[in-house]
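**Q** Turn this into a structure:
(2 chains)
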Amino acid sequence: MTPSTIDPERLEGWNRPPIIEPDGEGDLLEVAMGPHHPSTHGVFRMDLALDGERVIRLKPVFGYLHRNHEKIAETVSYLATMPYTDRLDYICSLTNNWAYALAVEKLVGQEVPERAEYLRVILGELTRAQNHASSIGFLLQEMGASGTPLMYAFREREKILDLFESLTGSRMMCNYMRFGGCRVDASPVWLDAVRKVVAGLPAFVDEFERFLSGSEIVMARCQGVGILKPELAINAGVTGPMLRASGVNYDIRKVDHYGIYDRFKFRVPLGDHGDIYDRYMVRILEIRESIGILEQALKGIPGGPVMDPKAKIRNFRPKPGEAYGRIEAPKGELGFYLISDGGPNPYRYRVRPPSLINLTVLEDMCLGSNVADVVLIFGSVDIVLGEVDR
Amino acid sequence: MLGEGILKGLAETAKNFAGSFVSAERMITVQYPEERIAPMEAARVFPFLVYDSKHPEDSLDWEAGMRCVACQICEKECPPKCIYIEKSKDKKPDFVGKMQIYPARFDIDISVCMSCQICVEVCPFEAIKMDTQFELATDDRFGALLLDRKELAKSNEYYHHIHPTEAAEVDARLAAEKAKANAKVKAAADAAVAKAATQPAVPAAKPAEGNKQE
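**A** Numbers count the residues shown, from 1 in each chain, chains lettered A, B, ... in the order given. This is a model prediction of the structure:
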C-alpha cells in the first residue's frame, strides 16, 4: 500500500500559517488519527501532517458524539436537564450536576442548606479524586504500560463509585443535586463508609507515586514533552490542572468562593515547566489536597435538612434574567450560562466545557514532537468526548 | 542509579501481585453468572408501577390495586419522553376508597428510558418506583423493550423486598394519608348526623360545628 502523500501547498488550506517548516526532504504524509483509536478516549479525530516522524500540523476534528445537548435543554424543563448534565462528562457527573444547580440557584436566588453544601463538597472532592486517578491511569496506559497502572487507579475509583451508587443509586449517572439542595440525605452509615475510603486514599496515592513517579521510563517520556507556555495557556482560556501545571495560580475554588470552599484550608498545587510530567504531578497533588478537604468536610458536616423545603421541583418558572454558574470541575472551569424568559424551560442554555477549551491548545503542544508523543500529550489534556461534543 | 525507579515500581507490582492471592480485601472478584452480589438498596434501573395486593400470593389483582391514577405528571416531566399514558373512561376506587380514573394504557419504552428517577420524584401518588432488575437483554428488537402496564405492575411486597427502608417510609406516609382521609369521611358523616339532629332546633350552629371537626 502506498502512503498517500500531500503537497506542501495543500497545507495552505489548513487553518493557520505554518509554524514548523518541513525540512524539504521527502514527501509529507497526512494521517487521520481516529475517530476509532484506543487512545482517543472516545471518538476524536486528529488530522496530522507528518514530515517523517515529526508533526508539522495538527487539526482536531470533533463532533462525532454531538447529541444536541444545549438544544434539548432549551426544550425540556429545568429539572429534566439535570439527568442530561450527567452525560456531559460522564466520569464526573456530580460536578456537572453541581455546576448546573449552581447556575439555576443563581438565576432564582435560591439558598442551599448547610448540610447540602457540605455533601456537595464531599461528593465534588470524591469526584475530583476519582477523575484524577483514572486520568493518570489512562495516561500511563497510553505510555504503553498496558493495564497495570490503570487497574490500580480503577481499583480505587471503584470504591468511590460504590459510594456514589449507595447514595445516589447510580455509579456514574448520579442525578443527585437539585435546585436548593440534594435529592436524598446521606445516612451516618454512608458517611462512615466515606471516612473509610478517604482514610485509604493516601496509601493509594503513595503507592502510585512509588510505582511510577520515580520511574525512569515515565520521566523520559514525559519530561520536556508537550510544553504549554503560561502566556498561551492564559490566552487560550485553558483552565484546571492544565493551566496550573503551566504555573498559573488560578483555581475557581479560591477565586470565586462558590459553595463553602472558603471554610476549608487547602493549597493549590502548581507546576513549573508545563510539560506532561507536571500535569501528572499536579493531578497527584490535587488528589492529596482533595483528601485534606474531605477530612475537614467530614469532620464539620452538620445535621439538618438537605433540601430547602421552599424549593420548587415542578412548575419551576424563574423570572426573566440571566445567570452564569461556574465551578472548578476536575478538568477545569465548568460553567453553565442560562437565560430565562420566564417560561418553564430556558430561553438559552450554554455549557462552557473545560475539555473542549483545553483541547484548543493541542496543536501548539504537539508541533515538532513525534507521533508517539501526540498520543501522550493528548492523554495529558484529560478530556471526555461527551463534554467536548455535547 | 539509572533504573532504580523502575525496580522500585516493579517491587510495588510484585507486592500487589502477591497480595492479590492472600489479602482478603483484594479478593473481590465475583464470578458473575454463577455468583451474584445483591444490588444496592438505592440502586435504580427502570421504573415499575406499584400495586397494593390483598392476596400477595395471587398476582391477579394487579389491575384493581394499581396506585396510578393516570395524572400524566410523569409523562410530562420525563426528560426523554419515554412514558405514554391513556386515561380510562370509567373510574375505580383507589387505596382510600375515593373514585379515581386509572391508566387504560401505560407504556414505558425502556430502550429510551435513561433511569433518571424523575418520574419517581414527581409522582404524588407513590405509584411509580425504580426497579433493580437489570438482566433484561432480549433478542426481540422492537416489542420486548416496550413494557405495557401489565409488565410494569409489581406488588408492594416486591417493592418492600428491593427497597426496604424507602418502602417502609412510603407505607407510613400512605397510612397517614389514609387515616386522615378516613377521619375526614368520618367527620363529614358525624357532621351530617349532627346536622340532622340539630337542624330543627338551631340551624345556625352548623358551620361552627363543622369547622371544629375539621
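**Q** quick check, distance from the lengthiest helix in chain B to the centre of its chain.
**A** Counting by DSSP state H, the longest helix found in chain B is helix B:164-198. When C-alpha coordinates are averaged (CA atoms, centre = their mean, to the nearest Å), helix B:164-198 and its chain have centres 23 Å apart.
**Q** Show me the contact partners of stretch A:279-287.
**A** A:128-129, A:132-133, A:135-136, A:139, A:201, A:205, A:208-209, A:213, A:218, A:222, A:241-242, A:244-245, A:269-271, A:380, A:382 (CB atoms under 8 Å, 6 or more residues apart in numbering or on different chains). The C-beta positions use only the backbone N, C-alpha and C, and glycine is treated the same way.
**Q** near chain B, which of the residues you listed show up?
**A** Restricting those to those touching chain B (CB under 8 Å from any CB of the partner chain) yields A:213, A:218.
**Q** And the buried ones among the contacts of stretch A:279-287, selectable in PyMOL?
**A** Buried residues within the contacts of stretch A:279-287, by 16 or more other CB atoms under 10 Å in any protein chain shown, are selected in PyMOL with:
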select buried, chain A and resi 128+129+132+133+135+136+139+201+205+208+213+218+222+241+242+244+245+269+270+271+380+382
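**Q** Can you give me every residue that contacts the residue lying closest to A:Leu385 once chain neighbours are set aside?
**A** For A:Leu385, ignoring the flanking residues on the chain, the nearest one in space by CB to CB, 6 or more residues apart in numbering or on different chains is A:Gly42 at 3.0 Å. By CB under 8 Å, 6+ apart, A:Gly42 lies in contact with A:64-65, A:384-386, A:388.
**Q** what about chain B, any weak spots by pLDDT?
**A** Across chain B, the ranges flagged by pLDDT under 70 are B:55-60, B:95-96, B:199-214.
**Q** Which parts of it are helices?
**A** Under DSSP H, chain B gives helices at B:4-22, B:62-65, B:73-77, B:118-122, B:149-152, B:156-162, B:164-198, B:206-213.
**Q** Show the end-to-end separation of stretch A:164-181, please.
**A** Start and end residues of stretch A:164-181 are separated by 17 Å (CA to CA, to the nearest Å).
**Q** Likewise for stretch A:210-218?
**A** Using CA to CA, the two ends of stretch A:210-218 sit 12 Å apart.
**Q** can you check stretch A:199-216 too?
**A** First residue to last in stretch A:199-216 (CA to CA) measures 30 Å.
**Q** That stretch: which residues count as buried?
**A** Applying 16+ other CB under 10 Å to stretch A:199-216 flags A:201, A:204-205, A:208, A:210-213, A:215 as buried.
**Q** if we look at it, which residues are touching it?
**A** Contacts of stretch A:199-216 (CB under 8 Å, 6+ apart): A:129, A:133, A:136, A:140, A:145, A:149, A:152-153, A:156, A:159, A:218, A:280-281, A:284, A:287-288, A:291, A:294, B:2-6, B:8-9, B:12-13.
**Q** mean confidence score for that stretch?
**A** Stretch A:199-216 carries an average pLDDT of 84.
**Q** Same question for stretch A:286-306.
**A** Averaging pLDDT along stretch A:286-306 gives 89.
**Q** again, but for stretch A:348-360
**A** 89.
**Q** what about that stretch, start to end distance?
**A** First residue to last in stretch A:348-360 (CA to CA) measures 24 Å.
**Q** returning to what we had before: what's the farthest-apart pair in the contacts of A:Gly42?
**A** The span of the contacts of A:Gly42, defined through CB to CB, is set by A:Tyr64 and A:Val384 at 13.3 Å.
**Q** Please identify which of those two sits among more neighbours.
**A** A:Val384 (22 against 16; other CB atoms under 10 Å in any protein chain shown).
**Q** Show the buried residues in the contacts of stretch A:199-216.
**A** For those, a neighbour count by 16+ other CB under 10 Å gives the buried set as A:129, A:133, A:136, A:140, A:145, A:149, A:152-153, A:156, A:159, A:218, A:280-281, A:284, A:287-288, A:291, A:294, B:5, B:9, B:12.
**Q** buried sites along the host helix or strand of A:Ser380?
**A** Per DSSP states H and E, A:Ser380 falls inside helix A:371-381. Across helix A:371-381, burial judged by 16+ other CB under 10 Å covers A:371, A:373-381.
**Q** tell me which strands and helices that helix is in contact with?
**A** strand A:45-51, strand A:54-61, helix A:114-143, helix A:216-222, helix A:276-300, helix A:354-359, helix A:362-366 (3 or more CB pairs under 8 Å, 6 or more residues apart in numbering or on different chains; DSSP states H and E).
**Q** Dump those into JSON lines; add distance to A:Tyr78 as well.
**A** Below are the helices and strands packed on helix A:371-381 laid out as JSON lines (distance: least, CB to CB, whole Å):
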{"stretch": "strand A:45-51", "distance to A:Tyr78": "34"}
{"stretch": "strand A:54-61", "distance to A:Tyr78": "33"}
{"stretch": "helix A:114-143", "distance to A:Tyr78": "18"}
{"stretch": "helix A:216-222", "distance to A:Tyr78": "43"}
{"stretch": "helix A:276-300", "distance to A:Tyr78": "28"}
{"stretch": "helix A:354-359", "distance to A:Tyr78": "23"}
{"stretch": "helix A:362-366", "distance to A:Tyr78": "34"}
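**Q** Mind checking those for the one nearest to A:Glu74?
**A** helix A:354-359 (19.1 Å).
**Q** Contacts made by that closest one with the rest, please.
**A** Residues from elsewhere that reach helix A:354-359 (CB under 8 Å, 6+ apart): A:60, A:62, A:89, A:236-240, A:242, A:329, A:331-334, A:381-385, A:387-388.
**Q** so of the residues you listed, which ones are in strands?
**A** Among the contacts of helix A:354-359, the subset assigned to strands under DSSP state E consists of A:60, A:329, A:332-334.
**Q** Now the buried members of those residues.
**A** A:60, A:329, A:332-334.
**Q** Of the residues you listed, which one scores lowest on pLDDT?
**A** Lowest pLDDT among those: A:Pro60, 83.
**Q** gap between that residue and chain B?
**A** 29 Å (CB to the nearest CB, to the nearest Å).
**Q** What of A:Asp272?
**A** 20 Å.
**Q** how about that residue, what does it touch?
**A** Neighbours of A:Asp272 in contact, by CB under 8 Å, 6+ apart: A:247, A:278.
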